[in-house]
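# Provide a 3D model corresponding to the input given below.
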Amino acid sequence: MQASLRSPFQKIVASLVCVALAGFYGARVVRVYLAGVAASSYRAADLERAARLAPGNAEYAHALGLQLSTSPENYARAIASLERAVALNPQNGAYWLDLASVYQLAGEPQRQRPALESALAAEPNNPDVSAEAANYFLAGGDIARSLSLLRRTLQQDPSAAESLLPVFWRATQDPKMLLENAVPPDPDNQLAFLRVATMQNDPAAAREAWEGLLASKQTFAPQRSFFYFEYLIHSHSIAELSRSWSALGHSVASIAEYQPGANRIVNGGFELPVLNAGLDWRYEAVEHVNSSVEESAVHGGTRALHLYYDGNASYNAGWREYIIVEPGAGYQFSAWVKSDNILSSSGPRFSIADAITGAPLFLSDDVLDTHPWQEIRGHFQAPTGTDLAEIRITRAPANTKIRGDVTIDDIRLVRDEADDAHGDNPTLVRN
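Reported below is the predicted structural model:
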């Protein structure tokens, strides 16, 4: 009899408990919802209401602290709110960093450093946290700690180098110290430092970075370093260009064949893939000239350059190459050319000029009509001030229409030992 009476009673109690719990959780859900609505406005008063409604929510406490920190009169309240946020979620490095920032704003630097260290301890593998802490230590004058954190950041995220290194470069004015203490010894970071050095136009720092990169014997795609040779060309550092290109050839097997020798023209037979950089050929598409390197109709080797002019006026075929020459030296030029029905009053020519001043050094006769392979030859003497020349395939004059095919192979430029008379004036020679 008692058992039958107890069962309905227990059911009633259980129902009441469920109702109470439902009410409790329902009220909590409502509070969380209302807190979210209040927080969404990001007004201080609404954020305070959200923090009251959801006192265990670190995000609301953090957002309130940030909002309050915009007014100096609210720094104390901002600190209290941010301290609550880190107490609720001590593993969030951003919360600690924001607290450190407000400590600094409030004139409490002695409290800032422990907050920074807490941020680093909370997220030791987060490069964003390390980077921001490094900036704070840099601003506070702790260069050693700052550079060690910068190094940690770059080890974790090499892609950050190009944004962070210029900041630290300007702040320290000591690229050598940066290279030694903050740049990890890996190609990604060393190349990033090299790029920053060129952007800062610091040739000494760039040279040290370049030499360190090669000395490390670590593998990297040589194309990633080609910007350095553009910098050397545009800054007219030709001796360094020659040394650095040679050093790259000794360090990277794929560049070894692109070194100028007795023939100053690199890849003169078009046998190698075109690098479009350094001391190899550069090509850009131009209107009315179609060009390709093909394994047909060659003079020597297995490949040759083919140009097709479509019947419109055109000046530049789109092919050029920088050539390191010795000032005052004489040079013999030669190239093999085959033409097929070139119709124009002005055909393609080879032109060589000073790469820096544009002063003409050599202009060949033009190629017209239909001819089997024929050798074009010529001579010029580099002026005393010329150490870098540029060869192009061009037309002069270029205001006339042209149609037909030209094949070019085996281009050479060699020192003329029999004509080394040194003079100050260039000699323009046509074949």
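
# on contacts alone, who are the packing partners of the strand or helix carrying Ser101?
Using DSSP states H and E, Ser101 sits in helix 93-105. Using 3 or more Cβ pairs under 8 Å, 6 or more residues apart in numbering; DSSP states H and E, the elements in contact with helix 93-105 are helix 58-68, helix 75-88, helix 109-122, helix 127-139. The C-beta positions use only the backbone N, C-alpha and C, and glycine is treated the same way.

# For it, give me every contacting residue.
58, 62, 65-66, 69, 72, 75, 78-79, 82-83, 85-86, 89-90, 109, 111-113, 115-116, 118-120, 122-123, 126, 128-129, 132-133, 136 (Cβ atoms under 8 Å, 6 or more residues apart in numbering).

# same check, this time on stretch 335-343
By Cβ under 8 Å, 6+ apart, stretch 335-343 touches 268, 297, 299-300, 309, 347-348, 350, 364, 367-376, 402-412.

# buried set for that stretch?
For stretch 335-343, a neighbour-count test (16 or more other Cβ atoms under 10 Å) marks Ala335, Trp336, Val337, Lys338, Ser339, Ile342 as buried.

# Distance to Ile323, pLDDT and secondary structure for those - can I get that in JSON lines?
As requested, the buried residues of stretch 335-343 are exported to JSON lines (distance: Cβ to Cβ, whole Å; pLDDT from 0 to 100; DSSP: H, G, I helix; E, B strand; the rest coil):
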{"residue": "Ala335", "distance to Ile323": "13", "pLDDT": "98", "secondary structure": "strand"}
{"residue": "Trp336", "distance to Ile323": "18", "pLDDT": "98", "secondary structure": "strand"}
{"residue": "Val337", "distance to Ile323": "19", "pLDDT": "98", "secondary structure": "strand"}
{"residue": "Lys338", "distance to Ile323": "23", "pLDDT": "97", "secondary structure": "strand"}
{"residue": "Ser339", "distance to Ile323": "24", "pLDDT": "97", "secondary structure": "strand"}
{"residue": "Ile342", "distance to Ile323": "26", "pLDDT": "96", "secondary structure": "strand"}
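
# just those residues now: which is nearest Gln200?
Distance to Gln200, by Cβ to Cβ, is smallest for Ala335 among those, at 40.8 Å.

# Show me the beta-bridge partners of the closest one.
In this structure, Ala335 bridges to Ile376 when assessed by DSSP bridges.

# Okay, it and Gly347: tell me how far apart.
14 Å (Cβ to Cβ, to the nearest Å).

# count of residues packed around Leu363?
19 (other Cβ atoms under 10 Å).

# Kindly report the same for Ala63.
Residues near Ala63, counting by other Cβ under 10 Å, number 20.

# State the distance from it to Tyr331.
As judged by Cβ to Cβ, Ala63 and Tyr331 stand 72 Å apart.

# Output the below-cut-off pLDDT ranges for this protein.
Low-confidence regions of the chain, defined by pLDDT under 70, span residues 1-42, 419-431.

# And the contacts of stretch 175-189?
With Cβ under 8 Å, 6+ apart as the test, stretch 175-189 has contacts from 144, 147-148, 150-151, 154-155, 158-159, 161, 165, 168-169, 172, 190, 192-193, 197, 200, 202, 205, 208-209, 212-213, 216, 218-220, 224.

# Stretch 77-92 too?
51, 56-59, 61-62, 64-69, 95-96, 98-99, 102-103, 106, 115, 118, 122-123.

# on that earlier part again, which of the contacts of stretch 175-189 fall in helices?
Cross-referencing the contacts of stretch 175-189 against helices under DSSP state H gives 144, 147-148, 150-151, 154-155, 161, 165, 168-169, 172, 190, 192-193, 197, 205, 208-209, 212-213.

# Would you confirm that Ser344 contacts Val406?
No. At 10.9 Å, Ser344 does not count as touching Val406 under the criterion of Cβ atoms under 8 Å.

# intersection of neighbour lists for the two?
By Cβ under 8 Å, 6+ apart, Ser344 and Val406 have these common neighbours: Tyr309.

# So for the two, which residue has more residues nearby?
Ranked by neighbour count (other Cβ under 10 Å), Ser344 and Val406 place Val406 first, with 24 against 21.

# how close does that one sit to Gly301?
According to Cβ to Cβ, Val406 and Gly301 sit 18 Å apart.

# can you give me phi and psi for His236?
Main-chain dihedrals, His236, degrees, to the nearest 10: phi 60, psi 40.

# what number of residues lie near the residue nearest to it when sequence neighbours are not counted?
Nearest non-adjacent residue to His236, counting by Cβ to Cβ, 6 or more residues apart in numbering: Ile356, 5.7 Å away. By other Cβ under 10 Å, the residues close to Ile356 number 16.

# contacting residues for Ile356?
Neighbouring residues of Ile356 by Cβ under 8 Å, 6+ apart: His236, Thr386, Leu388.

# Try it again at 10 Å.
Contacts for Ile356 (Cβ atoms under 10 Å, 6 or more residues apart in numbering) come out as Ile233, His234, His236, Ile238, Gly385, Thr386, Asp387, Leu388, Ala389, Glu390.

# domain ranges for the chain?
Split into domains by automatic domain parsing, the chain comes to 14-124, 282-415.

# State the distance from His379 to Leu413.
According to Cβ to Cβ, His379 and Leu413 sit 10 Å apart.

# Give me the more crowded residue out of the two.
Set His379 next to Leu413 and count neighbours by other Cβ under 10 Å: Leu413 wins out with 26 against 15.

# thinking the more buried one is in contact with Ile391, fair?
Yes. Leu413 is in contact with Ile391 according to Cβ atoms under 10 Å; the separation is 7.5 Å.

# follow-up on the earlier one: so which of the helices and strands packed on helix 93-105 has the densest surroundings on average?
Per-stretch averages of neighbours, counted by mean count of other Cβ atoms under 10 Å, single out helix 58-68 among the helices and strands packed on helix 93-105, with a mean of 23.

# which helices and strands sit right next to that one?
helix 2-39, helix 44-53, helix 75-88, helix 93-105 (3 or more Cβ pairs under 10 Å, 6 or more residues apart in numbering; DSSP states H and E).

# then that helix to PDB, C-alphas only?
What follows is helix 58-68, C-alpha atoms only, in PDB (Å, rounded to 0.1, in the frame of the first residue of the first chain):
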ATOM      1  CA  ALA A  58      35.200  36.300 -20.700                       C
ATOM      2  CA  GLU A  59      34.400  37.700 -24.100                       C
ATOM      3  CA  TYR A  60      32.000  40.300 -22.800                       C
ATOM      4  CA  ALA A  61      34.400  41.300 -20.000                       C
ATOM      5  CA  HIS A  62      37.100  41.600 -22.600                       C
ATOM      6  CA  ALA A  63      35.000  43.700 -25.000                       C
ATOM      7  CA  LEU A  64      33.900  46.000 -22.200                       C
ATOM      8  CA  GLY A  65      37.500  46.500 -21.100                       C
ATOM      9  CA  LEU A  66      38.500  47.500 -24.700                       C
ATOM     10  CA  GLN A  67      35.600  49.900 -25.000                       C
ATOM     11  CA  LEU A  68      36.300  51.500 -21.700                       C
END
